[in-house]
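> Mind looking at a prediction? Sequence and model below.
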Amino acid sequence: MAKKTVDALGAAELRGKRALVRVDFNVPLDESAQITDDTRIRAALPTIRQLIDGGARVILVSHLGRPKGFDDQLRLSPVAKRLGELLSKPVAKVDDVIGPEVEEAVKKLQDGDVLLLENVRFYPEEEKNNPEFAQKLASLADLYVNDAFGTAHRAHASTEGVARYLRPAVAGLLLQKELEYLGKALESPERPVLAIMGGAKVSDKIQLIQNMLTKVDSIVIGGAMAYTFLKAQGIATGASRCETSTTKKDGTTIDLLKLALDLLAEAKERGVTFLLPVDHRTNDKFADSDTPNVTPDANIPEGQMALDIGPKTEALYVAEVKKARTVIWNGPMGVFELPGFSHGTFAVAQALAESDNLSIVGGGDSASAAEKAGIVDQLSHVSTGGGASLEFLEGKILPGVAALDEA
Ligand SMILES: Nc1ncnc2c1ncn2[C@@H]1O[C@H](COP(=O)(O)OP(=O)(O)O)[C@@H](O)[C@H]1O
Ligand SMILES: O=C(OP(=O)(O)O)[C@H](O)COP(=O)(O)O
Ligand SMILES: [Mg+2]
């Protein structure tokens, strides 16, 4: 990677200096806002420790979820607590991102102290990459470190804009490790290459498939993304979560059903195997069940919500995993957080663990699923980024990386 990293910063550049560090602490939470998986917090520890050891004053900034304004459910206080436990040292937390309270807390920092700011997405200026907001963030510190690989595909104020106003701007150790691993592993991957896609961020990730079709031999789709493809072909999706359109930043609308049909046609033309669920596990509401209904075919009955792939689909997808030499997986096959609907995700995870292929699992929730399945040690790489790893693998330049100083 041709970007400068924290390793290049010597004692003079660190001791007593305020380091603004963008991390991705967008961790999965349960209904009572408890952290269910701390993979992303643990992944940021090497950079934070290196800065502490160097005598820097560490100011951490992250988003959590997709809040619309200030939201008590999405405060970063539980993250500060967990980080303090992992570092075995207190982590101060402020309830804002910019402004007098934050400036006061920064002034109080001693060398080696750690401060966590509030959820940066409480400010709409963050996602708009507002220059004044980025400048205010920059004014808090003497140097900038980006270690948020999972958010490096977003050109937001704390990932991209801030680097325009704050130098040095360097990569953290996690960001560096992810780019190095993913870059090397997928330079000339052993074929066949399989991409497994699922999860809930349908409108974001369906737009990456077109590029993916030029790189992989097969694609299997699970999670909520599957229902967009099924509906596009006239298959009933019942009460399932099904995205049919999305609005771009410039205000234009994308018809996802049309996109789905175009993608299916292009896959056929290119000879890329494209598998969709042929059955589902369902419930009449978004809730767990000891005895999920199983549909006889791909149609989802009226009033039923598909929450996992069905047993026939599971077998098909497991077979596909066993055929592949390289597998890239982003997005759970179902709502694996609910035990009754975790079967599809865990079956695919198990197949990956048992195969001797190169296996890369990416994404905050997919990493959590791999952890829950107990297979992390049997994978080649667990990436902290889902969308970010997919965009990187497509050859896109990640804005959060582009903004950093050259080595
Ligand atoms: N059929 C489904 N309906 C609704 N949500 C789903 C479905 N299948 C998976 N999900 C949800 O998708 C979420 C993860 O999506 P996403 O953030 O895109 O993945 P990742 O974090 O791995 O990149 C999980 O919380 C899971 O519950
Ligand atoms: O969780 C994330 O991505 P992922 O779900 O694709 O792994 C990142 O924190 C980015 O979050 P965003 O997709 O709301 O910008
Ligand atoms: Mg996620």
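Sure, I can see it. Numbering: from 1, shown residues only. Ligands and ions are numbered 1, 2, ... in the order given.

> C-alpha only now, for contacts and for neighbours.
Will do.

> Next, give phi and psi for Trp329.
Here is the backbone geometry of Trp329 (degrees, to the nearest 10): phi -120, psi 120.

> Can you give me the distance of it to ligand 2?
11 Å (C-alpha to the nearest ligand atom, to the nearest Å).

> State the number of residues packed around that residue.
By other C-alpha atoms under 10 Å, 28 other residues sit near Trp329.

> residues touching it, list them.
Applying C-alpha atoms under 8 Å, 6 or more residues apart in numbering to Trp329 gives the contacts Ala195, Ile196, Met197, Ser359, Ile360, Val361, Gly362, Ser366.

> redo that, cut-off 10 Å
By C-alpha atoms under 10 Å, 6 or more residues apart in numbering, the residues touching Trp329 are 194-198, 219-220, 348-349, 352, 359-363, 366-367, 382-383, 386, 389-390.

> When you filter those down to buried only, what's left?
194-198, 219-220, 348-349, 352, 359-363, 366-367, 382-383, 386, 389-390 (16 or more other C-alpha atoms under 10 Å).

> In the sheet, which strands lie alongside the helix or strand containing Ile59, parallel or antiparallel?
Per DSSP states H and E, Ile59 falls inside strand 57-61. The strands beside strand 57-61 in its sheet (DSSP bridges) come out as strand 18-22 (parallel), strand 114-116 (parallel).

> buried residues in that strand?
Residues of strand 57-61 classed as buried: Arg57, Val58, Ile59, Leu60, Val61 (neighbour count, 16+ other C-alpha under 10 Å).

> of all the residues in the stretch 1-150 of the chain, which ones are close to ligand 2?
Counting by C-alpha under 6 Å from any ligand atom, the residues of the stretch 1-150 of the chain close to ligand 2 are Asp24, Asn26, Gly65, Arg66, Gly150.

> Kindly give a single PyMOL line that selects the buried subset of those residues.
In PyMOL syntax, the buried subset of these is picked out as below (16+ other C-alpha under 10 Å):
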select buried, resi 24+26+150
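
> Turn the residues of the stretch 1-150 of the chain next to ligand 2 into TSV, columns for secondary structure and distance to ligand 3.
TSV is the format used below for those (DSSP: H, G, I helix; E, B strand; the rest coil; distance: C-alpha to the ion, whole Å):
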residue	secondary structure	distance to ligand 3
Asp24	coil	11
Asn26	coil	8
Gly65	coil	9
Arg66	coil	11
Gly150	helix	9
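
> Show me the two of the residues of the stretch 1-150 of the chain next to ligand 2 that sit farthest apart.
Arg66 and Gly150 (14.1 Å; C-alpha to C-alpha).

> Please name the nearest non-neighbouring residue to Gly238.
Closest residue to Gly238 apart from its sequence neighbours, by C-alpha to C-alpha, 6 or more residues apart in numbering: Glu302 at 4.3 Å.

> pretty sure the one you found is in a strand, no?
No. Applying DSSP: H, G, I helix; E, B strand; the rest coil, one finds Glu302 to be coil, outside a strand.

> can you pull the contacts of it?
Contacts of Glu302 (C-alpha under 10 Å, 6+ apart): Ala236, Thr237, Gly238, Ala239, Ser240, Asp284.

> quick check, Ile196 in a strand?
Yes. Per three-state DSSP, Ile196 lies within a strand segment.

> re the thing from before, from the contacts of Trp329, which ones fall inside strands?
Judged by DSSP state E, the contacts of Trp329 include Leu194, Ala195, Ile196, Met197, Ile219, Val220, Ser359, Ile360, Val361, Gly362, Val382, Ser383 as members of strands.

> Just the pLDDT for Lys372.
With respect to pLDDT, Lys372 scores 97.

> OK, contacts around it?
In this structure, Lys372 makes contact with Thr36, Asp37, Phe336, Glu337, Phe346, Ala349, Ser366, judged by C-alpha under 10 Å, 6+ apart.

> Run the angle between whichever strand or helix holds it and strand 358-362 for me.
In this structure, Lys372 sits in helix 364-373 according to DSSP H and E. If you take axes from the mean of the first three to the mean of the last three C-alpha atoms, to 10 degrees, helix 364-373 sits at 120 degrees to strand 358-362.

> how about helix 364-373 as CSV, C-alpha atoms only?
The C-alpha coordinates for helix 364-373 follow below in CSV (Å, rounded to 0.1, in the frame of the first residue of the first chain):
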residue,chain,number,x,y,z
GLY,A,364,-19.8,-6.4,10.9
ASP,A,365,-22.7,-8.8,11.1
SER,A,366,-21.1,-11.6,9.0
ALA,A,367,-18.1,-11.5,11.2
SER,A,368,-20.4,-11.8,14.2
ALA,A,369,-22.1,-14.8,12.6
ALA,A,370,-18.8,-16.5,12.0
GLU,A,371,-17.8,-15.8,15.6
LYS,A,372,-21.2,-17.2,16.8
ALA,A,373,-20.7,-20.3,14.6
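
> which bits of this protein sit near ligand 3?
Residues of the chain lying near ligand 3 by C-alpha under 5 Å from the ion: Gly364, Asp365.

> Single out the most deeply packed of the strands paired with strand 57-61.
strand 18-22 (a mean of 27; mean count of other C-alpha atoms under 10 Å).

> Could you export that strand as PDB, CA atoms only?
Extracted in PDB, the C-alpha atoms of strand 18-22 (Å, rounded to 0.1, in the frame of the first residue of the first chain):
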ATOM      1  CA  ARG A  18      -3.600  14.900  19.800                       C
ATOM      2  CA  ALA A  19      -4.400  12.100  17.400                       C
ATOM      3  CA  LEU A  20      -7.900  12.000  15.900                       C
ATOM      4  CA  VAL A  21      -8.500   8.300  15.100                       C
ATOM      5  CA  ARG A  22     -11.500   7.300  12.900                       C
END
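
> Mind listing residues that contact the helix or strand following that strand?
Counting by DSSP H and E, the next helix or strand C-terminal to strand 18-22 is helix 39-43. Here helix 39-43 makes contact (C-alpha under 10 Å, 6+ apart) with 23-28, 79-80, 82-83, 86-87, 147-150, 173-175, 363-365, 367-368, 371, 382-385.

> Pull out the buried positions in helix 39-43.
Buried residues in helix 39-43, counted by 16+ other C-alpha under 10 Å: Thr39, Arg40, Ile41, Ala43.
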